[in-house]
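Novice: pasting a predicted model and its sequence here:
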Amino acid sequence: MLEQQNNEKSIIQKLDLDGYLSQFKQFLAREKPVAMQGDINQHYRYIQALSKVQFPLPKQVPNLDNELARIKKQAVLGLDEIYAFVTMFSYFNSLNAAGFTEPLISWIQSIEIPEEIVEIIGYFTEEGDINPERDPELYKLERAIKQNKTEIKETLYRLTHSSKLRDYLVDTQVHFNGGEETLLVRGGFNNAIKATVVARSSAGFFYILPQSISHLKEKESALLSGKEAIIYRYCKEISAIFFKWERFLHFINKEYDRFDHYQARVQFARAKEYAFVLPSRSKRIKLQDFAHPAIENPVPVTIDMHKQIMLVTGVNAGGKTMLLKSILSAVYMSKYLLPFKCDASKTEVGHYKSIEAVIDDPQSVKNDISTFAGRMQEFAKLFNKEDAIVGVDEIELGTDSDEAASLFRVMLDELRKKGISFIVTTHHKRLASLMASDDEVELIAALYDEERRLPTYTFLQGSIGKSYAFETAERYGVPIGIVKQAKRVYGEDKDNLNELIEKSTSLEREMRMKIAKIDAELKAVEAKKVKLEEDEFKLQEQHRKAIATLENRYNAATKKAREALKVKESTEGRRLLNVAHQRKDFKQKELAKVDEAPLKEGDKVKYRSHKGELISLRGKDATIIVDGLKMRVPLSQLKRRGDTPQVKLKPKPRKPKADVNVEKSGASVSVKLLGMYADEAIDTVDKFLSDALVNNLSEVQIIHGTGGGVLSKLVTEYLKKHPKIQKFYRMPGNLGITVVEL
């Protein structure tokens, strides 16, 4: 365990994540390891649900492992230790009113605090003291202590303004010395007042405690002793209750840590505008606009590592090491569900069992280890690893580069077979050329701006970059003459090779820029298409509204015409009214031919005054969902809502209809309603209760589950109105079952 913690600290330091994690831990209610135990997919669902709501922040609570161990031994806890547990109880009580949605609401409601524990919460004030209003004796002592303090204050005030003592007072202030309120006086004070000398000042004056104050202090001490005795009695009683519920305290302590993990991540993400990325099962790492948290004003990294080895070459000081750290940091943060800066919708990070970084120079004079020997030690350890991602910076460091290229080529091949992925940075072109033909090797070039003679801190996939050693030396102040001489020594053929590499990189970069431009234009065309479709829908809606307005006017006019005919009957008037009706029917038939497309699953619809969503069609009937309640209605009575365009709506898959499962065991009968529609559930309950009454059963169970509470509410309303129901109630410990007594 200790070795694992040391490795964790080491990787955090190597990836420059120290400051990031320090900032994150400030959001925790109490210090704890970053890793969360349990199912990461479940953790992600809870974090996503918590991100959508506002919730009360938890109070700071110390680690209570020692206190839990003492409770197990029936020890008496101190008041502050007890209040730490009370803080957790109170917080979970407050979360019940936070307005959570699933899955949070089911989790929080499952944490049922025992009545004895709930009663203890009421013993305390918000400051963590025993509430004196609950205990008359304590209340009386509190008042006496307060009155005594007032008397001390008033006595000191009288003494500092006493004419008898005035000539001996150095000043009229009250001085605290050794925790006592004292007066500073000159010698001879004993002629004016009886007092005890507490200390002497550097100027030779005396700090005195007047006898009248001393008596009041003794009284205060006695009162405080009485108060402590009462508090100890409470601590003893509460500790005994805690011993009884020791397993619950372990549970609530663990759940508090769990919620603390979630809320800290959500708060941190909100404060920094970070996003969460759930690790995927694939080993692909695709970063879009990623920013390493240790860099101020970083150039966003967009990279796609879909092969097992990524080989990064290119300009010195061009960001190769930071690219390596960025990829490993993204894996680390995703692994522990820590938020970071990126475009989460286009980012994908694979899950790895371990993360290794071979970055620092391992040379050690003390242990007689050279740079290369140290590197070999680090690589030797990798042969015991599986399912890991490893970053190696300057892989050829410390030995002959040609020999190292062959050695590392073979080692990388063997380690890859063990499921280990690599991000490798190098300036050695031989290693790059040896690995370039491998299908599982992704080449990355760090780019250089030739005109400005500066690295761009951007990268090009599928290419080898040159080091720009001579340009870098010149940029950092090496004389031009020295650089030119070095180029001559380096050799014209090698320089030509570098030029070819640069031309290849430039051509590929230009090609990708053109592709990006075409993609942008295509997106613009797609956006225009969507806009035209929306405009078309708006025009159709305006057309429908205009027709509806005309129809209303027509109906009003014909109504008035009928009223007029009642007053004075006219054959001609009746004939003209019939002609109007015939023309209206003809127009409606014409409009029906060009009416809107038929409704389909996923459409937003309106039924009477209710707004909902169409989830399935069955002949002339349709099933819609309104405020979480499923309803089966005639298809002819549905209208498409005008607040949502009818284009590109994906139909939602219909949930399978659940079969009624009646379980009979002796005199006990139950029915399951899980997955049913509202009308199906009520019909099933009605038939089920009729059968139970016929068979003279006295008690039955209705299993409706918790979920969103819709079925539970429907069953309750139905049972309230049933004439043969004597009593019904929720099953203790399982709110998803209603027990009915017939």
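Specialist: Good, I have the coordinates.

Novice: okay, CA-based contacts and neighbour counts for the rest of this
Specialist: Will do.

Novice: next secondary structure after the strand or helix carrying residue 414?
Specialist: Of the helices and strands defined by DSSP states H and E, residue 414 is found in helix 401-417. Using DSSP H and E, the helix or strand that directly follows helix 401-417 along the chain is strand 421-425.

Novice: one step back: what residues does the helix holding residue 414 touch?
Specialist: Contacts of helix 401-417 from elsewhere in the structure, counted by C-alpha atoms under 8 Å, 6 or more residues apart in numbering, are 308, 382-383, 395-396, 428, 430-431, 434-435.

Novice: stretch 345-365 too?
Specialist: Stretch 345-365 is contacted by residues 11, 14-15, 277-288, 328, 330-332, 334-335, 369-375, 378, 386-394 when judged by C-alpha under 8 Å, 6+ apart.

Novice: all the strands of the stretch 201-350 of the chain, residue numbers only.
Specialist: In order along the chain, the stretch 201-350 of the chain carries the following strands (DSSP state E, counting those that start in this stretch): 206-210, 285-290, 301-305, 309-314, 348-349.

Novice: what lines up beside the fourth one in the sheet?
Specialist: For strand 309-314, the pairing partners within the sheet under DSSP bridges are strand 421-425 (parallel), strand 441-449 (parallel).

Novice: what is the mean pLDDT for it?
Specialist: Throughout strand 309-314, pLDDT has a mean value of 82.

Novice: chain center to it, what's the gap?
Specialist: The chain centroid and the centroid of strand 309-314 are separated by 34 Å, computed with C-alpha atoms, centre = their mean, to the nearest Å.

Novice: equivalent analysis for the last one, please.
Specialist: On the basis of C-alpha atoms, centre = their mean, the separation between the geometric centre of strand 348-349 and that of its chain is 17 Å.

Novice: quick one: least confident helix or strand in this protein?
Specialist: strand 662-665 (a mean of 43; mean pLDDT, DSSP states H and E).

Novice: I'd say residue 133 and residue 139 touch.
Specialist: Yes: between residue 133 and residue 139 a contact is recorded at 5.9 Å, counting by C-alpha atoms under 8 Å.

Novice: which residues in the stretch 351-500 of the chain form helices?
Specialist: Across the stretch 351-500 of the chain, reading from the start of the chain, the helices by DSSP state H, counting those that start in this stretch fall at 371-382, 401-417, 429-436, 469-475, 480-490, 492-567.

Novice: and residue 613, which of the three is it?
Specialist: Going by DSSP: H, G, I helix; E, B strand; the rest coil, the secondary structure assigned to residue 613 is strand.

Novice: for it, give the beta-bridge partners.
Specialist: residue 604, residue 625.

Novice: which ones are touching it?
Specialist: The neighbourhood of residue 613, defined by C-alpha under 8 Å, 6+ apart, consists of 602-605, 624-626.

Novice: apply 10 Å and report the result again.
Specialist: Neighbouring residues of residue 613 by C-alpha atoms under 10 Å, 6 or more residues apart in numbering: 601-607, 623-627, 630, 640-641, 652.

Novice: among these, which one has the most neighbours?
Specialist: Within the contacts of residue 613, neighbour counts (other C-alpha atoms under 10 Å) peak at residue 624, which reaches 27 neighbours.
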